[in-house]
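Colleague: build me a structure from this.
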Amino acid sequence: MTSDFRLTVLGCATPYPSVDNPCSGYLVSSGDTRVWVDAGSGTLAQLQRHVRLDELDAIWISHLHADHSADLLTAYYGAIFADVRLASPIPLYGPAGIADRLAHFLTNTSTRSPIESAFDVHELHDGHQVRVGALTLSSRAVAHGIPAFALRIEAADRSLVYSGDTAPCASLTRLAEGCDVLLCEAESAQPPAEDEQVHHTPEDTGDTASAARAGRLIVTHVGRFLTPQQAVARASARFDGPIDYAAPGATFSIG
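Modeller: Presented below is the predicted three-dimensional model:
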C-alpha cells in the first residue's frame, strides 16, 4: 500500500475565485513526487504552502479555460524572472496548442516569449500515459465542448481519478473504473434545457461514481448556484459509498 499517496485541494471555485477559494488546482504527491494538477486563478499562491515551483516534478492541465490554467502565466514569470532557479524546465502536460496560447498572452514585442525556458511542453492526446517519479498519469479525452481531458493517477496499487470539466461520458467512466478515489466536478445545478451539456450535475456525479464502482467520491468544482452541502447531498442519492467535498486546503489520503 502507498500510504503517502495524497491529494491536496488548492482550490475548486468556478468560474472565478472566491475570497477563500481559488479556482481549480490540486497538488498530488507520493513520496518525493509532486504534480500540480490544474492551475486555476489563485492556486499558485496556495501551492507554495506545500512546494516551490522548482520542487515540482510536473504540471498537468485538463483544459485551457482560465479557471483551470491562468496561473501558468504567473508561474512562468516566477520560474524565469524571480527567485526560482530551475535545474531544467518543468514538464508541462496539456491540450494541444498550450505553449502557443501562453506565448500569445505573454509576448509583448515581436520576439516570442520563451515559454519553453520555463516549461517542457508535452501535448496530451486520448490515451496519453507518462511516468512521473512514483506516479503514473493516464489521460482520456472527455466531453467539455473544447479539447479537455480527465486524469487517472496511480501509485503502486492505489488510484485517483480526476474528471477535469466534462459532461457525463463513457470515457470518464471507463477511466475511473474501480478507482479508489474519484474527484469529480458537480458544476451544474441543472442540466441545460437546450445547449450541449458540458458539466456534471451532482446527480450525474453520483451516477458516474456508481457506474465506475469508485471506492470513494470527492465532489469538486461546485457551481455558484449550489452550495457544497447541496451538491454532496444530491450526489449521495445516486452513490452509496463515502462522499466528501473538496474543501480548499483539505488533504485526502488515497487508499
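Colleague: could you look up the SS state of the residue located most distally from the centre of the chain?
Modeller: For the chain, the residue at maximal distance from the C-alpha centroid (Cα atoms, centre = their mean) is residue 110, at 33.1 Å. In terms of secondary structure, residue 110 is coil; the call rests on DSSP: H, G, I helix; E, B strand; the rest coil.
Colleague: show me where the stretch 1-150 of the chain dips below the pLDDT cut-off.
Modeller: Low-confidence segments of the stretch 1-150 of the chain (pLDDT under 70): 1-3.
Colleague: can you give me the strands in it?
Modeller: 6-11, 25-30, 33-39, 58-60, 90-94, 119-123, 129-132, 135-141, 149-155 (DSSP state E, counting those that start in this stretch).
Colleague: output the second one as PDB, restricted to C-alpha atoms.
Modeller: Provided in PDB are the C-alpha atoms of strand 25-30 (Å, rounded to 0.1, in the frame of the first residue of the first chain):
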ATOM      1  CA  GLY A  25      -6.000  23.300  -8.700                       C
ATOM      2  CA  TYR A  26      -4.700  20.300  -6.800                       C
ATOM      3  CA  LEU A  27      -1.400  19.000  -5.600                       C
ATOM      4  CA  VAL A  28      -0.900  15.300  -5.900                       C
ATOM      5  CA  SER A  29       2.000  13.700  -4.200                       C
ATOM      6  CA  SER A  30       3.600  10.400  -3.400                       C
END
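Colleague: quick one: residues in contact with stretch 203-212.
Modeller: Stretch 203-212 has contacts (Cβ atoms under 8 Å, 6 or more residues apart in numbering) with 161, 163, 167-168, 172-174, 176-179, 182, 184-186, 188, 191, 200, 217, 219, 231, 234-241, 243. In this view, the C-beta of every residue, glycine as well, is placed from N, C-alpha and C.
Colleague: and those residues, which of them are in strands?
Modeller: 161, 182, 184, 185, 217, 219, 243 (DSSP state E).
Colleague: bridging residues for the second one?
Modeller: Read it as residue 182. residue 161, residue 217 (DSSP bridges).
Colleague: quick one: it and residue 213 touch, right?
Modeller: No. Counting by Cβ atoms under 8 Å, residue 182 stays clear of residue 213, with 9.7 Å between them.
Colleague: who's more crowded, the two?
Modeller: Counted by other Cβ atoms under 10 Å, residue 182 and residue 213 do not tie: residue 182 has more neighbours, with 31 against 13.
Colleague: quick one: contacts for that one?
Modeller: Contact analysis of residue 182 by Cβ under 8 Å, 6+ apart lists 161, 163, 176, 208, 209, 212, 214, 216, 217, 218.
Colleague: brilliant, that's me finished.
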